[in-house]
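Asker: the following block contains a protein sequence and its predicted model.
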Amino acid sequence: MIKAIITDIEGTITRISFVKDVLFPYAAKQLPEFISAHQQQPAVAEQLAAVKAFIDQPNADLDTVINTLLAWISDDKKITPLKQLQGLIWQTGYENGDFTGHIYPDAYQFLQHQQQAGQQLYVYSSGSVKAQELIFQYSDFGDIRSLFKDYFDTKVGAKQTPSAYANIISQLPFNADEVLFLSDVVAELDAAKSVGLKTLHLIRDGQTSSPAHPYINDFSQFTTEHLA
Ligand SMILES: CSCCC(=O)C(=O)COP(=O)(O)O
Ligand SMILES: [Mg+2]
């Protein structure tokens with residue numbers, strides 16, 4: 001019996017185009033000035049050092065680091081220092097009201113219902129924990145952070161890696177088979193299932209279904225059978 005639900009964000013409870021057409025371009029536009037202005041701040045300096053380590057160029061200059069980060073945004077790389085920096089940059093956009101966090105109405109209703117029914121709700125996204133908190137703090141439905149018990153990002157591991165899910169389960173008071181993982185990406189569902197989590201595939205945007213995972217097109221199709 002399912003006791004906890006871990007949800008992905010992009011493509012599962014948030015429209016893909018909000019991330020790709022709003023958040024990523026905003027980060028790309030603001031990043032050069034943000035890095036130049038804040039490079040000495042510890043939270044930023046730590047990520048710049050991580051970029052240099054990742055590209056194995058400990059003495060890389062600022063332009064090289066900025067161009068590396070811009071290329072990673074363009075290629076939608078889920079590399080931890082980029083995702084951490086994006087969260088810091090998006091904070092300004094949310095605070096200025098440049099955008100609000102898109103949440104599908106059916107997802108919001110589903111999450112509210114499951115919380116009221118006693119499920120513990122968690123988030124696991126490639127977006128940093130900061131970015132996750134921001135999208136829910138400044139969501140289309142107002143501040144909905146109280147829905148979630150905790151957040152996980154790529155610091156526990158990459159989303160297509162089984163050990164990341166084992167790592168999350170080791171931090172929760174549940175067995176793997178008591179946890180349902182929701183995602184739009186089959187490779188993520190495969191990784192979660194391989195360490196014993198139950199899975200449910202969200203196919204909102206024409207993705208191909210997999211025989212390995214049950215699927216729904218939106219949360220209006222969710223039934224109690226998915227919690228069995
Ligand atoms: C937290 S909103 C931004 C999401 C993001 O940066 C991203 O890369 C999407 O990854 P997800 O794991 O939510 O599909
Ligand atoms: Mg996703």
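Answerer: Arrived safely. Ligands and ions are numbered 1, 2, ... in the order given.
Asker: what's the neighbour count on residue 186?
Answerer: 19 (other Cβ atoms under 10 Å). The way it works is simple: take the backbone N, C-alpha and C, and place the C-beta from them, glycine included.
Asker: cool, and residue 140?
Answerer: For residue 140, the neighbour count with other Cβ under 10 Å is 16.
Asker: over to the one 5 residues further on?
Answerer: With neighbours defined by other Cβ under 10 Å, the count for residue 145 comes to 14.
Asker: my read is that it contacts residue 138, right?
Answerer: No: if you go by Cβ atoms under 8 Å, residue 145 and residue 138 don't touch, sitting 10.1 Å apart.
Asker: could you say which helix or strand contains residue 188?
Answerer: According to DSSP states H and E, residue 188 maps onto helix 186-194.
Asker: so what touches that helix?
Answerer: Residues outside helix 186-194 that contact it (Cβ atoms under 8 Å, 6 or more residues apart in numbering): 6, 8, 159-162, 164-165, 181, 183, 199-201, 207-208, 210, 212-213.
Asker: same deal with stretch 57-72?
Answerer: By Cβ under 8 Å, 6+ apart, the list of residues contacting stretch 57-72 from outside reads 28, 31-32, 35-36, 39, 48, 51-52, 55, 79, 81-82, 85.
Asker: buried residues, it. List them.
Answerer: By neighbour count on 16 or more other Cβ atoms under 10 Å, the buried set for stretch 57-72 is 60, 65-66, 68-70, 72.
Asker: show the average pLDDT along stretch 28-41.
Answerer: Averaged over stretch 28-41, pLDDT sits at 98.
Asker: what's it in contact with?
Answerer: Around stretch 28-41, the neighbours that count as contacts under Cβ under 8 Å, 6+ apart are 44-45, 48, 62, 65-66, 69-70, 73-74, 85, 88-89, 92-93.
Asker: let's see which of the residues you listed end up in helices.
Answerer: For the contacts of stretch 28-41, the ones inside helices are 44-45, 48, 62, 65-66, 69-70, 73-74, 85, 88-89, 92-93, with DSSP state H as the criterion.
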